[in-house]
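Participant: quick one, fold the following:
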Amino acid sequence: MVIANIISYILVLTGALNWGLFGIFNFNLVSAIFMGARSVGSVIVYSLIALAALWLIISPIITNGMLKLQGNRVARQAKNS
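Facilitator: Predicted coordinates:
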């Protein structure tokens with residue numbers, strides 16, 4: 001679950017960067033990379049970003065309010081002590 005959270009954060013930050021570039025400079029980074037806003041690559045990237053955002057909304061609900069970005073250090077320290 002930690003890996004899914006990290007990947008989701010990276011994707012959502014990529015989407016936020018794209019929106020920022022589009023809002024400030026009228027430049028769509030994803031469209032520039034994939035040669036069009038409705039190309040297959042762009043649609044896949046936009047869909048992955050949307051799924052990542054949904055995961056970041058749902059993940060804390062599943063884990064009782066915690067969004068884990070690191071492994072369980074407390075349990076590892078207890079084993080080593």
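Participant: with just CA atoms, put stretch 5-13 into PDB.
Facilitator: The C-alpha coordinates for stretch 5-13 follow below in PDB (Å, rounded to 0.1, in the frame of the first residue of the first chain):
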ATOM      1  CA  ASN A   5       0.500   5.900  -2.200                       C
ATOM      2  CA  ILE A   6       3.900   7.100  -3.400                       C
ATOM      3  CA  ILE A   7       3.000   6.400  -7.100                       C
ATOM      4  CA  SER A   8      -0.300   8.200  -6.600                       C
ATOM      5  CA  TYR A   9       1.400  11.200  -5.100                       C
ATOM      6  CA  ILE A  10       3.800  11.400  -8.000                       C
ATOM      7  CA  LEU A  11       1.000  11.100 -10.500                       C
ATOM      8  CA  VAL A  12      -1.100  13.700  -8.800                       C
ATOM      9  CA  LEU A  13       1.800  16.100  -8.500                       C
END
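Participant: can you list the residues that contact it?
Facilitator: For stretch 5-13, contacts defined as CB atoms under 8 Å, 6 or more residues apart in numbering pick out 48, 49, 52, 53, 55, 56, 59, 67, 68, 69. For the C-beta atoms, the positions are set from N, CA and C on the backbone; glycine is no exception.
Participant: out of those, the closest to residue 2 would be?
Facilitator: residue 68 (5.3 Å; CB to CB).
Participant: list buried residues within the contacts of stretch 5-13.
Facilitator: Among those, those scoring as buried are 49, 52, 55, 56, 59 (criterion: 16 or more other CB atoms under 10 Å).
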